[in-house]
Structure formats: structure tokens, C-alpha cells
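>>> Here is the input, now give the coordinates:
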Amino acid sequence: MRGIIGMENTVLRDLTWDAEAGRLLFKDVPYLLIRPETLVAFQRALEAELGERAGELLARGGHTGSALSTRRYREAFGLGTEETARFIVRMGREIGWGDFRLERLDFGAREIVVSVGRSPFAEAYGPASRPVCHLIRGVVAGLAEGSFGAPAQAREVECLAMGAKTCRFHATVRSG
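Sure, this is the predicted structure:
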């Protein structure tokens, strides 16, 4: 359990490299290293073509990755729901997606609040008039869905690219 709640980077510790296949793996799950600027260039190209719909599509991608990771690591580590949420938040930090912090996990209200300092997406994007961390928004929605067992949605209510000190995401179970 030390690796989950201590200051050790469990992802780096347990990351393996399959030289023949050219793959990086964590707990047999493939990952890739990619610069934030590459993803932001992709995001800007999508926005130029699709407008605001681009953000929803990027969030969907983050949601898929988070939902898969939530299930996989709950099983791999034998964690409960709250421990899994804390692990996924910690993993966000360990894979370089910023200073992830779980601010609130409320099972009664079925709400999760996550803050992310130094979001590499917001930093690479630069100043913006709207939130830009769509992949992280999707990750938080997927985490909420995995935690509460029901479809969830997330909003980025503060964004570094808009001048906030940190990015903040609120996720709740969808009503209806």
C-alpha cells in the first residue's frame, strides 16, 4: 500500500519497456509518452474544424481512458471504490498530467471535485477565454462514473488558461 499513498512514483517504478515491440507498459497496460504541445496542436486543429464540439470529443477520449483504468487498477490492486479514486488521481500526477488533487469525493451527493495545478494542457495551450483541459475533464467524468456506478458528466469550472491559479473539475452523476 505504501506505493499507493506514499510519495513514490509507482508508475515510474513499475513501468516496463518491451524493446522488441517498442511499447511502454504499466501493469500490462500500454502507455505512450507524448508532448503536451502535440496534443494541443491536435486540439487546436479539431477546434478549427469542429468548434466547441472538439472539446466534447476530446473529453470522450479522456473518459474512455479513465473508465478503463479505473476498472483495471481496482482489480489489479484489489482496491475499494474510494481507494481506487485516490489511486487514479495520484496516477494523473505520476504520469505528468499536472498536480492532481482529490478535493471532494461525496458518495451521498455523488460528486467528485478534482483540482489540477500546472495542467500541461493549459500551459501548452496558453491564454484562452474558455476552459481548455478537455482530456482531463473526461478523465474526471470517467472517474466519477467508475466511483458511483452511473453515467457522469464533468465541467471544468476554473482553468489556468483563463487566468485561474489551478484547473478545477466538478463531476456529478447525470440526472434523468
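>>> Check which helix or strand Val116 maps to.
Counting by DSSP states H and E, the element that carries Val116 is strand 111-117.
>>> How about that strand, which residues are buried there?
Within strand 111-117, the residues that qualify as buried are 111-116, counting by 16 or more other C-beta atoms under 10 Å. Just so you know, the C-beta spots here come from the backbone N, C-alpha and C atoms, and that holds for glycine as well.
>>> partners of that strand, with directions?
With DSSP bridges as the test, strand 111-117 is paired with strand 99-106 (antiparallel), strand 167-173 (antiparallel).
>>> winner for burial among those strands?
Among the strands paired with strand 111-117, strand 167-173 has the highest mean neighbour count (mean count of other C-beta atoms under 10 Å), at a mean of 22.
>>> helix/strand/coil for the residue located most distally from the centre of the chain?
The C-alpha centroid of the chain is most remote from Glu20, which lies 29.2 Å away (C-alpha atoms, centre = their mean). Reducing the assignment at Glu20 to three states with DSSP: H, G, I helix; E, B strand; the rest coil gives coil.
>>> i'd like the first residue to be 91 from this point on
Got it, the first residue is 91 from now on, which makes the last one we talked about Glu110.
>>> What segments of the chain are strands?
105-108, 113-116, 119-121, 189-196, 201-207, 242-248, 257-263 (DSSP state E).
>>> now these in JSON lines, with distance to Leu158 and mean pLDDT?
Formatted as JSON lines, the strands of the chain follow (distance: least, C-beta to C-beta, whole Å; pLDDT from 0 to 100):
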{"stretch": "strand 105-108", "distance to Leu158": "17", "mean pLDDT": "96"}
{"stretch": "strand 113-116", "distance to Leu158": "12", "mean pLDDT": "95"}
{"stretch": "strand 119-121", "distance to Leu158": "8", "mean pLDDT": "91"}
{"stretch": "strand 189-196", "distance to Leu158": "18", "mean pLDDT": "98"}
{"stretch": "strand 201-207", "distance to Leu158": "17", "mean pLDDT": "99"}
{"stretch": "strand 242-248", "distance to Leu158": "15", "mean pLDDT": "98"}
{"stretch": "strand 257-263", "distance to Leu158": "17", "mean pLDDT": "98"}
